[in-house]
Structures are given as structure tokens and as C-alpha cells.
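Visitor: Here's a sequence, model it:
(2 chains)
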Amino acid sequence: KAGVTQTPRYLIKTRGQQVTLSCSPISGHRSVSWYQQTPGQGLQFLFEYFSETQRNKGNFPGRFSGRQFSNSRSEMNVSTLELGDSALYLCASSLAASGSYNEQFFGPGTRLTVL
Amino acid sequence: DQQVKQNSPSLSVQEGRISILNCDYTNSMFDYFLWYKKYPAEGPTFLISISSIKDKNEDGRFTVFLNKSAKHLSLHIVPSQPGDSAVYFCAASANTGANSKLTFGKGITLSVRP
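Guide: Next comes the predicted model:
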């Protein structure tokens, strides 16, 4: 079974630009979560999508947004990029069966550098 | 406010000895805890988990202990191997409904010396 895939793997942008990152979950997984990893803050939760709806949201500004498609693939968008947005963006998928915890499987991440 | 804390940024142990990685949490609503292992340029890989109704879970060389009263958990690796050298993240979840949000610590870099 293929794992979680993320594209692109590396991205360089300049301040003020916007960026879109893509995530394809494991087949059959309906939940997709996004995390930001930085050296100083570790992994921080951005948001989670389930059945094309945002189900959970972390404490990030509105410049960070996402969406999920009917095939469970997800995209996240960051507008008006700032230097501090440079990070590894990780996507994780899970079965998300209700009433129980579901292990999350992570993709390799997209390394975003903002110049 | 860091709800999951891994206060030691790094740990170095000799091959064959025990590695003990510690994690503390502050949120009493957390009821499921996980350890992830991460190599450079890869995403985190699930290692082992424990529910709050248990105090110990073992899987091969890896054992996780949970002390709810102290809001503390630890990961024991015995015996440690050079391939265990990686960053280890402690994570927690409050299982309200189908909540998949994980709260992570900042990670511990484990180095196992041959």
C-alpha cells in the first residue's frame, strides 16, 4: 500500500508570495492533518480535514488555509509569505473511524524556504 | 503554552545499554499518548502508543510507561542500537469524538554510540 505523498518536496519563495502544498493520503484514509515543524517549536498542528470539511484548527493566522477534495487529497495554502513561515510542512492521514483514536501516518514533508 | 514537554533536547547512550526518553504533559484531557521517531528528510514514523487506562505497553525493544498522577510518560529502549539514533517526539491526544489532533513535544535527539 502506498504511503502518504507530498508535493513538492522542496520549495523556495520570496516574502509576500503565496504557496500551495499538496498531500495525497493513504488509500482509504479519510482524515488529513497538517503540521508545521520548525527547529524552535517542534511540530505544531495547523488543521485537520475530514470528508471535505475542516474538523479541527490550530492557532495559526488566517493566512494559512486548506481544503480537502472528494478523493481525500488535501491542499494547504499560505498567502503573503513571511520569513517565519520557513519550515517543514508535514501531512498526516488516518482512517478517522469515529469513537476511537486512529494512528496518524506522516508523509515526508515539504521543505518551504522563504527568502 | 507547551502542553507536552520534552525537557531534555538530547541524549547519548552506549550501544546495548538502555535509553530512557522522558515526556511530561499538562493537559488532563489527554487520554492517548504516542511516540514517533524521525530521521532527517523523512516524516515521523509511529513507534508505540499507550492509552490512559494502562500504565505500560511493550513492543519488542520498546516499552512506554505512563504515570497519570505525575502526568509523565517515558520510552525505554532496550537494548539500544545505533539505528535507533534519531529524533523522538512524544505526542498526546484528547480523544473527544474522532478528534485526530496531536499535540507534540519539541523532540529529543537520541545518539547511540557503537
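Visitor: so where's chain B uncertain?
Guide: Scanning chain B for pLDDT under 70 picks out B:1, B:95-100.
Visitor: can you do 90?
Guide: Applying pLDDT under 90 to chain B flags the ranges B:1-2, B:7-8, B:29, B:31, B:40-42, B:93-102.
Visitor: Mind jotting down where the strands sit in it?
Guide: Assigned by DSSP state E, chain B shows strands spanning B:4-5, B:10-14, B:19-25, B:32-38, B:45-51, B:56-59, B:62-67, B:72-77, B:86-93, B:103-104, B:108-113.
Visitor: Let me know which of these is the nearest to A:Gln104.
Guide: Of all these, strand B:45-51 sits nearest to A:Gln104, with 7.3 Å by Cβ to Cβ. No exception for glycine: its C-beta is placed from N, CA and C like everyone else's.
Visitor: Show me what that closest one packs onto, helices and strands only.
Guide: strand B:32-38, strand B:56-59, strand B:62-67, strand B:72-77 (3 or more Cβ pairs under 8 Å, 6 or more residues apart in numbering or on different chains; DSSP states H and E).
Visitor: In contact with the closest residue to B:Asp55 other than its chain neighbours, which residues are there?
Guide: Nearest residue to B:Asp55, sequence neighbours excluded (Cβ to Cβ, 6 or more residues apart in numbering or on different chains): B:Leu66, at 5.3 Å. If a contact means Cβ atoms under 8 Å, 6 or more residues apart in numbering or on different chains, then B:Leu66 has B:33, B:50, B:52, B:54-56, B:72-73 as its contacts.
Visitor: With neighbour count and distance to A:Leu115 as new columns, can those be given to me in JSON lines?
Guide: Converted to JSON lines, the contacts of B:Leu66 look like this (neighbours: other Cβ atoms under 10 Å in any protein chain shown; distance: Cβ to Cβ, whole Å):
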{"residue": "B:Phe33", "neighbour count": "24", "distance to A:Leu115": "38"}
{"residue": "B:Ile50", "neighbour count": "20", "distance to A:Leu115": "42"}
{"residue": "B:Ser52", "neighbour count": "16", "distance to A:Leu115": "45"}
{"residue": "B:Lys54", "neighbour count": "13", "distance to A:Leu115": "48"}
{"residue": "B:Asp55", "neighbour count": "12", "distance to A:Leu115": "49"}
{"residue": "B:Lys56", "neighbour count": "10", "distance to A:Leu115": "48"}
{"residue": "B:His72", "neighbour count": "14", "distance to A:Leu115": "42"}
{"residue": "B:Leu73", "neighbour count": "25", "distance to A:Leu115": "40"}
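Visitor: Find the pair from these with maximum spatial separation.
Guide: Greatest spatial distance among those (Cβ to Cβ): B:Lys54 and B:His72, at 14.4 Å.
Visitor: How about the residues of chain A by chain B?
Guide: Taking Cβ under 8 Å from any Cβ of the partner chain as the contact definition, chain A meets chain B at A:4, A:31, A:33, A:35, A:41-45, A:48, A:50, A:55-56, A:58, A:90, A:92, A:94, A:96-109.
Visitor: Of the residues you listed, keep whichever come out buried.
Guide: A:4, A:31, A:33, A:35, A:42-45, A:48, A:50, A:55-56, A:58, A:90, A:92, A:94, A:96, A:101-102, A:104-109 (16 or more other Cβ atoms under 10 Å in any protein chain shown).
Visitor: Look up which residues are beta-bridged to the most centrally placed residue in chain A.
Guide: Most central in chain A under Cα atoms, centre = their mean is A:Trp34, positioned 2.9 Å from the mean C-alpha point. Taking DSSP bridges, one finds A:Phe47, A:Cys91 as the beta-bridge partners of A:Trp34.
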